[in-house]
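**Q** Quick one: sequence plus predicted model below, questions after.
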Amino acid sequence: MTDFSNLDQARQVASLQRLAQAALAHWDGDFVDLELIKYRENAVFCATRADGTRSAMRVHRIGYHSRDALRSELTWMEQLAAGGIGVPQIIRTRAGEHLVEVHSEELGESRYVDMLGWLSGTTPGSAEHGIRPDTDVDALFFEAGALVARIHLCSAQWRQPNDFTRHAWDEEGLLGAEPFWGRFWELDLLSAKQHELLQRARQEARLALRSYGRNLDNFGMIHADLLPDNLLLDGGRLQLIDFDDSGFGWHMFELATALYFCQDDERYERIKLALLRGYDSVKRLSAADLASLPLFMALRGFTYLGWLHTRQNEELKAELGPLLVERACSLASDFLGNRTDAA
């Protein structure tokens, strides 16, 4: 038995590929190739059948979602597809299940595996490198805003199954004693001054969230990972992939996520305006919604510090830490400045 966490990345991928190969037996089709296309949190493979049909097979990380939570994610995606939203098709197993649990004798552990239809198209950029310079950001972000607004409306009207379960990007999930993505204020890269700033912003953010309120018009199921990597342009149609982080949250947190990785783009103000206009064209934004944007930008910044804090990877901290800390503190200061101005 091999301890997965002690393997280098190449050996981890090789082990997960062998597990994915075994999982293919649960789906119909003559599979002739299985190629890794992404390994960040989950491992995603392109599974190709003899007739050339491609599918995306996801091997899920351990400890993030339960079987019920994963089934709920896939059920929600089926609902969105039925509502005309461009999302991957859920390919159920031969037994009609959304996913399977596959045990690896080599690793001495089991992983959940599911399969999604392959979507054609290209991404307009990435979280690491931003939006490509030749992208029409006005058109792209108008469509992105309209797309997530349709998702939010569709979700508000959906009668969820009684056993539906997903995590929540709510007050406790963002600011509580054990936030969903980790205790961001304990990140060891923070100076004493930065720690104090984040704790003050955390306290004020709780009050701001309670004042803003939570109802069907501003809170519900959200994608929660609206990065350039997850937008697929296919001709004139915008599609959305990677629902791994989806859960219950404020709609404005969704929009803040879309803007977070665009902050250094010289077109940022155009991007923001297009995103908000696109959203507003489908689902009206109130004055309170617009005023809450600095709050949700700060909250999004906090989550990435928590994400970094929970990873015991010094190389990752050295590479991303300074940028994430600077952004979080800047967003916290902007939020607190707006609170002072409002007062």
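**A** Happy to help now that I have it.
**Q** Give me the below-cutoff pLDDT ranges for the stretch 1-150 of the chain.
**A** Applying pLDDT under 70 to the stretch 1-150 of the chain flags residues 1-2.
**Q** Mind jotting down where the helices sit in it?
**A** Assigned by DSSP state H, counting those that start in this stretch, the helices in the stretch 1-150 of the chain fall at 9-23, 67-82, 137-157.
**Q** Next, the angle from the longest one to helix 67-82.
**A** Same thing as helix 137-157. Angle of helix 137-157 versus helix 67-82, following axes from the mean of the first three to the mean of the last three Cα atoms, to 10 degrees, is 110 degrees.
**Q** so after helix 137-157, what's the next helix or strand?
**A** Sequence order places strand 168-169 as the next helix or strand after helix 137-157, per DSSP states H and E.
**Q** starting at the chain centroid, how far to that following strand?
**A** Distance of strand 168-169 from the chain centroid (Cα atoms, centre = their mean, to the nearest Å) equals 12 Å.
**Q** so what does that strand touch, helix or strand wise?
**A** Other elements packing on strand 168-169 under the criterion 3 or more Cβ pairs under 8 Å, 6 or more residues apart in numbering; DSSP states H and E are strand 247-250. For the C-beta atoms, the positions are set from N, CA and C on the backbone; glycine is no exception.
**Q** one step back: okay, the helices of the stretch 1-150 of the chain, which one's buried deepest?
**A** Of these, the one with the most neighbours on average (mean count of other Cβ atoms under 10 Å) is helix 137-157, at a mean of 21.
**Q** Any idea which of the helices of the stretch 1-150 of the chain gets closest to Leu320?
**A** helix 9-23 (16.7 Å; Cβ to Cβ).
**Q** which other helices and strands contact the closest one?
**A** Applying 3+ Cβ pairs under 8 Å, 6+ apart, we find helix 9-23 packed against strand 31-39, strand 43-49, strand 54-59, strand 99-104, strand 109-117.
**Q** So which of those strands is nearest Tyr279?
**A** Among the helices and strands packed on helix 9-23, strand 109-117 sits nearest to Tyr279 (Cβ to Cβ), with 25.8 Å.
**Q** Can you give me the buried ones in the closest one?
**A** Arg111, Tyr112, Val113, Asp114, Met115, Leu116 (16 or more other Cβ atoms under 10 Å).
**Q** could you dump that strand to PDB, C-alpha only?
**A** Written as PDB, here are the backbone C-alpha positions of strand 109-117 (Å, rounded to 0.1, in the frame of the first residue of the first chain):
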ATOM      1  CA  GLU A 109      -8.100   4.000  -0.600                       C
ATOM      2  CA  SER A 110     -11.200   4.700  -2.600                       C
ATOM      3  CA  ARG A 111     -12.100   7.600  -4.900                       C
ATOM      4  CA  TYR A 112     -15.400   8.800  -6.300                       C
ATOM      5  CA  VAL A 113     -15.400   8.900 -10.100                       C
ATOM      6  CA  ASP A 114     -18.000  10.500 -12.500                       C
ATOM      7  CA  MET A 115     -18.100  11.100 -16.200                       C
ATOM      8  CA  LEU A 116     -19.300  14.200 -18.100                       C
ATOM      9  CA  GLY A 117     -19.900  14.900 -21.800                       C
END
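**Q** quick one: contacts of that strand?
**A** With contact meaning Cβ atoms under 8 Å, 6 or more residues apart in numbering, strand 109-117 is reached by 4, 16, 19-20, 23, 26-27, 47, 55-62, 65, 67, 70, 74, 88-91, 93, 98-104.
**Q** With that, I have no additional questions.
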